[in-house]
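Trainee: Could you work out the structure for the sequence below:
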Amino acid sequence: MISAMTIQPDRSFTNDFFVFQGLSFGPIVVNNQGSPCLINFSTCDIGGGISDVSSGVDTWQINLSKCYIRGTVDLQMRFSCQIDSCTGSGQINVGTRENPVLQMRGCSLIGAGVGSAIGAGIARGVIDGNTLIGYEQGIGVVCAGDVTVTNNLVQDCGFRGIAVNGVDALIADNVVRRSGPFGGMDLKGGGYLLATRNVIDNCPGGGMFVTTDANALVADNLVLDSESSGITVYGPVNGSVSIAGNTIGDNGGDGIVWNASIEYGGSASLVRNIGYANRGYGIRWARTGVDTVGCNDWFGNVAGDVSGLPANPLDLSLNPQFCDPAGKDFHLLATSPLAVQMACGRIGALGVGCAVTATIVSRFEGLRVPGGIRITWEIVPDPGGTAVWLERSETGVEGPWIRPLVRVSHAGSATVEFDQTARIDRTYWYRLVSDGVSESRVIAPPIAVRAVSDLAFRISQPRPNPSSRLIYFDFALKTACRIRVDILDLQGRLVDSPVAGLWSPGTHTVQWARSRSRVQAGVYVIRYRYPGGEQTQRAVLLP
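Mentor: As a prediction, this is how the structure comes out:
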């Protein structure tokens with residue numbers, strides 16, 4: 001343990017390189033007075049944070065890889081910063097005195113309710129695949145150029161989930177839950193703003209706030225259960241703005257609030273959205289001037305469908321027939337009238353996702369065996385003749401997906417598929433797919449079967465999280481041994497033990513149903529114990 005350290009480059013050298021690997025630190029101070037140095041931390045425990053007392057910004061680059069971070073990490077650099085696969089409870093500030101390029105990927109930070117997990121003033125940036133829980137704000141970025149914020153989970157932030165202010169901004173595939181009196185997302189764009197496929201759930205101050213004076217597309221987002229309005233749009237609009245294909249439901253205020261003025265040369269459209277069961281209006285027009293409106297479905301909103309303008313004759317007022325709105329599954333039933341509105345195309349953020357009777361996958365697991373990978377799956381109830389098949393990806397959950405060449409057998413009511421083409425040195429992802437009414441649909445979350453060289457003792461994050469009834473998670477064994485997985489409440493009391501005993505090496509998937517233990521809504525700990533250690537994950541059960 002290095003109790004304290006000051007990094008002070010020597011100006012007599014042209015370039016200084018500082019590389020720290022596998023070390024534990026107390027407070028770290030950077031005092032750079034004119035040397036164009038590079039600083040790298042790898043697999044380090046940064047226990048006391050990092051502060052920069054340099055009179056100028058002379059450090060060229062700072063990188064953190066697989067570090068454990070506590071305290072506040074203040075990173076000042078002139079050109080670039082890469083933060084990869086870091087964990088901990090600290091806060092990260094990047095580039096508040098200069099505008100470097102930032103890449104932050106695969107980090108998991110759980111805070112104590114203060115500060116921003118990541119705050120950045122940058123020239124360009126990518127913030128992708130991070131889990132940020134328990135801060136005042138999850139992500140706060142001001143960007144002079146283009147910024148990409150994708151695939152992040154942000155939850156339990158007391159002020160706001162994600163705030164992005166950039167020239168060109170892509171905000172996609174993020175999940176924001178239970179985040180603050182100032183809403184889930186606050187997005188500002190001065191060039192082109194694209195916000196798509198985000199899920200914003202249970203945010204007290206409102207779902208998504210969009211401010212743009214240029215071009216913006218807000219599409220295919222799911223905004224649920226905020227205490228205020230779902231999507232609020234501000235202007236003035238000088239370019240082209242489209243609010244399309246979003247599902248906004250169960251919010252305490254209006255579904256959509258249009259509060260943007262249309263300037264000369266500007267245009268706006270509002271099409272194919274669903275405003276469902278909001279306590280205010282489906283759509284409230286605080287300003288007028290949107291030139292294209294149609295194919296929206298306003299249904300079951302307490303205050304009424306439309307306020308501020310007459311109802312548009314091209315809009316609908318039909319029960320969308322969601323699969324399970326109480327369980328927050330806002331796919332459409334196969335019988336939904338919105339599924340057959342051919343003139344409109346898809347309405348809402350999600351298409352058909354279930355037949356009249358839902359299909360539940362009760363077992364889905366993959367295991368390396370001599371000669372390949374064995375996938376075992378079981379469906380309850382039987383889908384009544386609907387085709388179900390296995391697909392495989394070699395690059396990740398985004399695909400591309402193919403149907404592998406398998407040998408099929410049966411073990412009781414379970415189907416066993418043996419993938420003989422799987423290589424021992426490669427990780428594969430598998431999913432189950434079924435015929436839908438209008439398109440195929442995935443009926444089980446993808447599972448990963450790791451390459452032999454990648455096997456380690458670990459437990460994945462539960463999914464979906466939060467959940468109202470079923471939770472899936474994976475656990476992996478490096479070698480055959482006795483292990484145990486327990487479900488505990490926050491007082492440490494044992495609730496259930498879904499897995500115990502001798503298991504073979506590989507990755508296994510567990511489905512845990514709350515009905516198995518009759519537990520109440522709340523936060524639970526999934527504890528995985530194996531020879532020499534243990535790991536935990538948290539799961540949230542909704543009422």
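
Trainee: ok, residue 201 to residue 225 distance?
Mentor: Distance, residue 201 to residue 225, using C-beta to C-beta, to the nearest Å: 6 Å. C-beta: built from backbone N, CA, C; applies to glycine.

Trainee: Need the mean per-residue confidence for stretch 146-163.
Mentor: Mean pLDDT, computed over stretch 146-163, is 91.

Trainee: what kind of secondary structure is residue 339 in?
Mentor: Under DSSP: H, G, I helix; E, B strand; the rest coil, residue 339 falls in the helix class.

Trainee: Quick check: neighbours shared by residue 201 and residue 225?
Mentor: residue 328 (C-beta atoms under 8 Å, 6 or more residues apart in numbering).

Trainee: Could you chop this structure up by domain?
Mentor: Domain assignment for the chain by automatic domain parsing gives 206-353, 359-448, 455-543.

Trainee: so how far is the first residue of the longest one from its last?
Mentor: The distance separating the two terminal residues of domain 206-353, taken as C-alpha to C-alpha, to the nearest Å, comes to 27 Å.

Trainee: Over it, what's the mean pLDDT, rounded is fine.
Mentor: 88.

Trainee: how far is it from where the chain is centred?
Mentor: Distance, stretch centre to chain centre, for domain 206-353: 22 Å (C-alpha atoms, centre = their mean, to the nearest Å).

Trainee: Burial-wise, tell me which of the domains of the chain comes out on top.
Mentor: domain 206-353 (a mean of 20; mean count of other C-beta atoms under 10 Å).

Trainee: Throw the domains of the chain into TSV and include distance to residue 62, thanks.
Mentor: TSV is the format used below for the domains of the chain (distance: least, C-beta to C-beta, whole Å):
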stretch	distance to residue 62
domain 206-353	32
domain 359-448	28
domain 455-543	28
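
Trainee: Indicate which one of those domains is closest to residue 4.
Mentor: Nearest to residue 4 among those is domain 455-543; the distance by C-beta to C-beta comes to 29.8 Å.

Trainee: Which parts of the protein are helices?
Mentor: Using DSSP state H, no helices are found in the chain.

Trainee: and the residue nearest to residue 390 when sequence neighbours are not counted, what is it in contact with?
Mentor: Nearest non-adjacent residue to residue 390, counting by C-beta to C-beta, 6 or more residues apart in numbering: residue 417, 5.3 Å away. With contact set as C-beta under 8 Å, 6+ apart, residue 417 has these partners: 374-377, 390, 406-408.

Trainee: Look up phi and psi at residue 202.
Mentor: Backbone torsions for residue 202, taken as degrees, to the nearest 10, come to phi 60, psi 50.

Trainee: shouldn't residue 292 be in contact with residue 269?
Mentor: Yes. With contacts counted by C-beta atoms under 8 Å, residue 292 reaches residue 269, the gap being 3.7 Å.

Trainee: Distance to residue 137 and pLDDT added to the contacts of residue 417, as CSV?
Mentor: What follows is the contacts of residue 417, written out as CSV (distance: C-beta to C-beta, whole Å; pLDDT from 0 to 100):
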residue, distance to residue 137, pLDDT
374, 45, 90
375, 41, 92
376, 43, 91
377, 41, 88
390, 42, 91
406, 47, 90
407, 52, 90
408, 50, 91
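
Trainee: Nearest to residue 41 among the residues you listed?
Mentor: Distances from residue 41 to the contacts of residue 417, taken by C-beta to C-beta, are shortest for residue 375, at 39.8 Å.

Trainee: ok so, going back, turn the contacts of residue 417 into a markdown table, including distance to residue 110.
Mentor: A markdown table is the format used below for the contacts of residue 417 (distance: C-beta to C-beta, whole Å):
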| residue | distance to residue 110 |
| --- | --- |
| 374 | 36 |
| 375 | 33 |
| 376 | 34 |
| 377 | 33 |
| 390 | 35 |
| 406 | 40 |
| 407 | 44 |
| 408 | 43 |
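
Trainee: biggest separation within those residues, which pair?
Mentor: So, these by C-beta to C-beta: farthest apart are 377 and 407, at 14.6 Å.

Trainee: Which per-residue confidence value corresponds to the residue nearest to residue 147 when sequence neighbours are not counted?
Mentor: In this structure, residue 147 finds its nearest non-sequential neighbour in residue 166, 4.2 Å apart by C-beta to C-beta, 6+ apart. We have a pLDDT of 86 for residue 166.

Trainee: Kindly report the same for residue 394.
Mentor: 89.

Trainee: From the contacts of residue 417, which land in strands?
Mentor: Mapping the contacts of residue 417 onto strands (DSSP state E) picks out 374-377, 390, 406-408.

Trainee: Tell me the one of those nearest residue 107?
Mentor: Nearest to residue 107 among the ones in strands among the contacts of residue 417, with distances taken as C-beta to C-beta, is residue 375, at 31.1 Å.

Trainee: what sits opposite the closest one in the beta ladder?
Mentor: When bridges are called by DSSP bridges, residue 375 pairs up with residue 366, residue 417.

Trainee: Just to check, it is in contact with residue 404?
Mentor: No. Under the criterion of C-beta under 8 Å, residue 375 lies out of contact with residue 404, with a separation of 9.1 Å.

Trainee: Mutual contacts of the two, please.
Mentor: 390, 419.

Trainee: partner residues bridging residue 431?
Mentor: residue 391.

Trainee: let me redo that: residue 223
Mentor: When bridges are called by DSSP bridges, residue 223 pairs up with residue 200, residue 248.

Trainee: surely it meets residue 231?
Mentor: Yes. The pair residue 223 / residue 231 is scored as a contact, 5.8 Å apart, by C-beta under 8 Å.

Trainee: so what's in contact with the two at the same time?
Mentor: Common neighbours of residue 223 and residue 231 (C-beta under 8 Å, 6+ apart) are 207-208, 246, 248.

Trainee: these two touch, right, residue 314 and residue 293?
Mentor: Yes. Look at residue 314 against residue 293 with C-beta under 8 Å: they come within range, at 6.8 Å.

Trainee: quick one: the strands in the stretch 301-450 of the chain?
Mentor: Counting by DSSP state E, counting those that start in this stretch, the stretch 301-450 of the chain has strands at residues 304-307, 322-324, 329-333, 352-354, 360-369, 372-380, 388-393, 406-411, 414-419, 428-434, 441-449.

Trainee: roughly how far is the last one from the heart of the chain?
Mentor: So that's strand 441-449. 17 Å.

Trainee: Kindly export it (C-alpha atoms) in PDB.
Mentor: Only the C-alpha atoms of strand 441-449 are listed here, as PDB (Å, rounded to 0.1, in the frame of the first residue of the first chain):
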ATOM      1  CA  ARG A 441     -39.400 -12.700 -31.400                       C
ATOM      2  CA  VAL A 442     -36.700 -13.500 -28.800                       C
ATOM      3  CA  ILE A 443     -38.300 -15.500 -26.000                       C
ATOM      4  CA  ALA A 444     -35.300 -15.900 -23.600                       C
ATOM      5  CA  PRO A 445     -32.500 -13.500 -22.800                       C
ATOM      6  CA  PRO A 446     -29.200 -14.400 -24.500                       C
ATOM      7  CA  ILE A 447     -26.700 -16.600 -22.500                       C
ATOM      8  CA  ALA A 448     -23.000 -16.700 -23.000                       C
ATOM      9  CA  VAL A 449     -20.800 -19.900 -23.000                       C
END
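
Trainee: which strands and helices sit next to that strand?
Mentor: strand 352-354, strand 360-369, strand 372-380, strand 428-434, strand 470-477, strand 506-513 (3 or more C-beta pairs under 8 Å, 6 or more residues apart in numbering; DSSP states H and E).

Trainee: mind redoing it with 7 Å?
Mentor: Judged by 3 or more C-beta pairs under 7 Å, 6 or more residues apart in numbering; DSSP states H and E, strand 441-449 is in contact with strand 360-369, strand 428-434, strand 506-513.
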